[in-house]
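Trainee: Just the structure for this:
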Amino acid sequence: MLIGKALSQTLYCVTRAEGEEYDVGCFANCGGVTKIGPVQGVVVKPVYMLCACLVFAFLPAAAQNSATVKQAESACGSFQQNFRVSTSGKQPVVDPVGVGTARIYMIEVFENPTYKIGRGPTIRIGMDGRWVGADHRDSYLVFPVDMGEHHLCINWQSKFKTLSGLISLVNFTAEPGHAYYFRARITARNTSVGAPWYTLDLEPVNSDEAKLLLAQRLQGTSTTEK
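Mentor: Residues are numbered from 1 along each chain as shown. Model prediction:
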């Protein structure tokens with residue numbers, strides 16, 4: 001019987017029961033133990049792990065996936081750039097959008113904040129390949145936008161890789177005289193072992209709901225950390 005264990009996108013290791021035969025046409029390192037081939041009709045001891053040649057079949061797909069991810073992430077800025085966010089302490093005022101201009105409101109919503117993470121999540125906000133600022137916990141950021149199609153990116157700014165790897169993307173077309181409202185939603189979800197896992201979602205919201213969310217939050221000002 002074959003027992004499979006995935007070690008990465010490009011490597012697959014199999015273990016066979018004693019007495020079975022194998023046919024492998026490559027050599028690789030599985031679990032720190034190197035086995036070579038091709039070998040046919042050889043009895044395998046149960047302690048050996050062999051690398052199937054699926055590694056070569058996976059390489060083109062993995063390269064394509066990597067290129068697709070990088071292309072999608074091009075809406076973001078440099079992941080080495082960090083922000084510090086402060087709030088004004090004043091309730092927001094939603095001003096009318098001027099003629100020939102457009103505006104974006106990015107509203108951070110931290111749902112189920114039962115599990116404290118330092119001072120709360122800081123979410124970087126990117127557009128068309130650069131960061132425009134950040135939100136922190138339950139604040140919002142407002143910034144102007146040129147007419148035409150744009151690509152938005154949000155990313156959890158964190159020293160923990162499981163959190164800093166969370167990215168959400170959306171595209172839209174800005175028209176003059178319009179305001180566009182987006183919600184950066186962080187959701188903490190319970191698990192059977194007690195520790196939470198998180199999701200990060202970027203989604204448009206209608207103007208009525210946006211005004212309610214804005215009334216419950218303070219406007220943030222973000223500066224780049226040195």
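Trainee: Buried residues of stretch 125-132, list them for me.
Mentor: Using 16 or more other Cβ atoms under 10 Å as the burial criterion, the residues of stretch 125-132 that qualify are 125-128, 131-132. Placement of C-beta: from N, CA and C, glycine included.
Trainee: I should have written stretch 172-183 there, sorry.
Mentor: 174, 179-183.
Trainee: Run through the residues that contact I104.
Mentor: I104 makes contact with 127, 142-145, 152, 179-182, according to Cβ atoms under 8 Å, 6 or more residues apart in numbering.
Trainee: nearest to N82, of the buried residues of stretch 125-132?
Mentor: The shortest separation between N82 and any of the buried residues of stretch 125-132 is 9.4 Å, and it belongs to W131 (by Cβ to Cβ).
Trainee: pLDDT averaged over whatever helix or strand that closest one lives in - what is it?
Mentor: Using DSSP states H and E, W131 sits in strand 130-136. Mean per-residue pLDDT for strand 130-136: 96.
Trainee: just checking, what packs against it?
Mentor: With contacts defined as 3 or more Cβ pairs under 8 Å, 6 or more residues apart in numbering; DSSP states H and E, strand 130-136 has these neighbours: strand 83-87, strand 102-111, strand 122-127, strand 139-145, strand 218-224.
Trainee: Please name the strands paired to it in the sheet, noting orientation.
Mentor: Looking at strand 130-136 with DSSP bridges, its partner strands are strand 122-127 (antiparallel).
Trainee: I believe A72 is in a strand; please confirm or correct that.
Mentor: No: when DSSP: H, G, I helix; E, B strand; the rest coil is applied, A72 is found to be helix, with no strand at that position.
Trainee: my guess is it contacts L169, does it?
Mentor: Yes: the pair A72 / L169 is scored as a contact, 5.9 Å apart, by Cβ atoms under 8 Å.
Trainee: Tell me which of the two has more neighbours.
Mentor: Neighbours were counted for A72 and for L169 using other Cβ atoms under 10 Å; L169 has more, 16 against 13.
Trainee: bridging residues for that one?
Mentor: L169 has the following beta-bridge partners by DSSP bridges: C153.
Trainee: show me the residues around it that make contact.
Mentor: Contacts for L169 were tallied using Cβ under 8 Å, 6+ apart; they are 72-73, 75, 151-154, 202.
Trainee: go with 7 Å
Mentor: For L169, the residues meeting the contact criterion (Cβ atoms under 7 Å, 6 or more residues apart in numbering) are 72, 75, 151-153, 202.
Trainee: which sections of this protein are below the confidence cut-off?
Mentor: Applying pLDDT under 70 to the chain picks out residues 1-65, 89-93, 112-119, 191-195.
Trainee: ranges for the helices of it?
Mentor: In the chain, the helices defined using DSSP state H lie at 54-73, 161-164, 207-215.
Trainee: thought G120 was touching H136?
Mentor: Yes: the pair G120 / H136 is scored as a contact, 6.4 Å apart, by Cβ atoms under 7 Å.
Trainee: which of the two has more neighbours?
Mentor: Each of G120 and H136 had its neighbours counted (other Cβ under 10 Å), and the higher figure belongs to H136 (22 against 15).
Trainee: Identify the bridge partners of the more buried one.
Mentor: Those that pair with H136 in a beta bridge, by DSSP bridges, are T122.
Trainee: picking that back up, with distance to S158 as added columns, please give the contacts of I104 in a markdown table.
Mentor: What follows is the contacts of I104, written out as a markdown table (distance: Cβ to Cβ, whole Å):
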| residue | distance to S158 |
| --- | --- |
| M127 | 21 |
| V142 | 24 |
| F143 | 23 |
| P144 | 28 |
| V145 | 27 |
| L152 | 19 |
| A179 | 30 |
| Y180 | 26 |
| Y181 | 25 |
| F182 | 20 |
